[in-house]
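Asks: Can you look at this prediction? I've put the sequence above it.
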Amino acid sequence: MEIIYGSLLKDADAVYACQFDGKGGITPIDINVLATPAQPFWQHLDYHNPKSYQWIMDTDLLPELIKAGLAGESLRPKVIRTGDGTMITLRTINNNESERPDQLVTFRIYINAKVIISSRHRKVHSLEQVLSDLQNGIGAKTTGHWLVEMIDAITDEVGNFIEDLHDNLIELENMTLEQQMPGRGELALLRKQLIILRRYMAPQRDVFSRLASEKFPWMSDEDRRRMQEISDRLGRELDDLDGCIARTAVIADEIASMMADAMNRRTYAMSLLAMIFLPTTFLTGLFGVNLGGIPGNEYYLGFSIFCLLLLGLILFVAWWLRRSKWL
């Protein structure tokens, strides 16, 4: 790689641009600083920024195949190897304000032994820890080490979100055990978040496995070993996701059963009321016909006696239903 002057990177309007010092720290790149072959440099871009997008399209540092991916056309987790570099697309949790975590952020990286060029639109919060370590002099020393640190931070973020979903799931399970109905849409949102994570984290685990197994020249054996550990950890989290998705199905069945039981109880109560008042309805209908000869129609206590008769009939039917263990 030829020496790159900071002035050539200035037009990218990067979120941040820096060069590793080989000791775990970084030095910022500005127009008066060189990005030399001695140590790799990292440029982080927002591809929705017109200047950054134009720089990606025009720069000679990137192969033509990679430019479209870095400019936002790559969504699903995957690895594309081209020449001495590799394009990696990853998804992570969206911890940006006023946005849902399951609206995953896409993070794209082009990496080789000397260059890291990453792009995103929405902020990737897990990168803050990686950048903080570099600024404090305890971060990555090589591009392969940086990739492992970054993927480790992303996987931690995913794991924390899965733990939060698991806690929400336990809360819903406890509510159903206590015969309480969860809020409208709570279970559907939880299940949607679990399924979205499962959809994107499964191929992401495959990406990690490939990075661990292939002999990329810019990754050391230690980097590959740690990458495999991260892949295994994400695999265990995927197993937890599968279990949580199955448990949401059990909760949905239990909620449906609770609703059916509630409906059956209401229907049963209405049926009993109908049985209690059925004889009285018959009598009131019979005595309500507008024909002569109705007993007691000329007796001044006839209506009172008839009401008492109806009350007695209601009490008798209620007693009979209770004695028959229907009530």
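Replies: That came through fine.

Asks: low-scoring stretches of this protein, by residue?
Replies: Low-confidence segments of the chain (pLDDT under 70): 1-10, 30-37, 74, 291-292, 327.

Asks: For this structure, just list every one of the helices.
Replies: Assigned by DSSP state H, the helices in the chain fall at 6-10, 50-58, 64-68, 127-135, 143-177, 186-213, 221-287, 302-323.

Asks: Would you reformat the ones you listed as CSV and include distance to residue 28?
Replies: To be clear about C-beta, it is placed using only N, CA and C from the backbone, and glycine gets the same treatment. Formatted as CSV, the helices of the chain follow (distance: least, CB to CB, whole Å):
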stretch, distance to residue 28
helix 6-10, 9
helix 50-58, 17
helix 64-68, 25
helix 127-135, 10
helix 143-177, 16
helix 186-213, 28
helix 221-287, 25
helix 302-323, 85
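
Asks: Would you format those helices as TSV with distance to residue 106 and mean neighbour count included?
Replies: Listed next are the helices of the chain as TSV, based on distance: least, CB to CB, whole Å; neighbours: other CB atoms under 10 Å:
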stretch	distance to residue 106	mean neighbour count
helix 6-10	23	17
helix 50-58	15	17
helix 64-68	14	14
helix 127-135	13	17
helix 143-177	12	19
helix 186-213	9	18
helix 221-287	17	14
helix 302-323	65	13
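
Asks: dump the residue contacts of the closest residue to residue 208 other than its chain neighbours.
Replies: Spatial nearest neighbour of residue 208, excluding adjacent residues (CB to CB, 6 or more residues apart in numbering): residue 231 at 3.7 Å. Listed by CB atoms under 8 Å, 6 or more residues apart in numbering, the contact partners of residue 231 are 205, 208-209, 212.

Asks: ok, now how distant is the nearest residue to residue 254 once chain neighbours are set aside from residue 247?
Replies: Ranked by CB to CB, 6+ apart and with sequence neighbours excluded, the top spatial neighbour of residue 254 is residue 176, at 4.7 Å. Using CB to CB, to the nearest Å, one obtains 11 Å as the distance from residue 176 to residue 247.

Asks: Same question for residue 230.
Replies: Applying CB to CB, the value for residue 230 to residue 247 is 26 Å.

Asks: returning to what we had before: need the contacts of residue 231 in TSV (columns: distance to residue 301).
Replies: Shown next, in TSV, are the contacts of residue 231 (distance: CB to CB, whole Å):
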residue	distance to residue 301
205	87
208	92
209	93
212	97
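
Asks: what's around residue 108, how many residues?
Replies: By other CB atoms under 10 Å, 22 other residues sit near residue 108.

Asks: Pretty sure it sits against residue 92.
Replies: No: proximity of residue 108 to residue 92 does not meet the contact threshold set by CB atoms under 8 Å, at 11.6 Å.

Asks: so how far is residue 286 from residue 144?
Replies: 95 Å.

Asks: ignore the last one, residue 213
Replies: The value you get for residue 213 to residue 286, if CB to CB is used, is 89 Å.

Asks: for residue 15, same thing?
Replies: Taking CB to CB, one finds residue 15 at 88 Å from residue 286.

Asks: Could you do residue 234 as well?
Replies: Counting by CB to CB, the gap from residue 234 to residue 286 is 77 Å.

Asks: Likewise for residue 68?
Replies: Applying CB to CB, one obtains 86 Å for the distance of residue 68 from residue 286.

Asks: Likewise for residue 279?
Replies: Remark: distance between residue 279 and residue 286 (CB to CB) = 11 Å.

Asks: cool, and residue 223?
Replies: 93 Å.

Asks: got the contact list for residue 139?
Replies: 24-26, 130-131, 133, 146, 149.

Asks: Quick check: residue 130 touching residue 150?
Replies: Yes: judged on CB under 8 Å, residue 130 makes contact with residue 150 at a distance of 5.2 Å.
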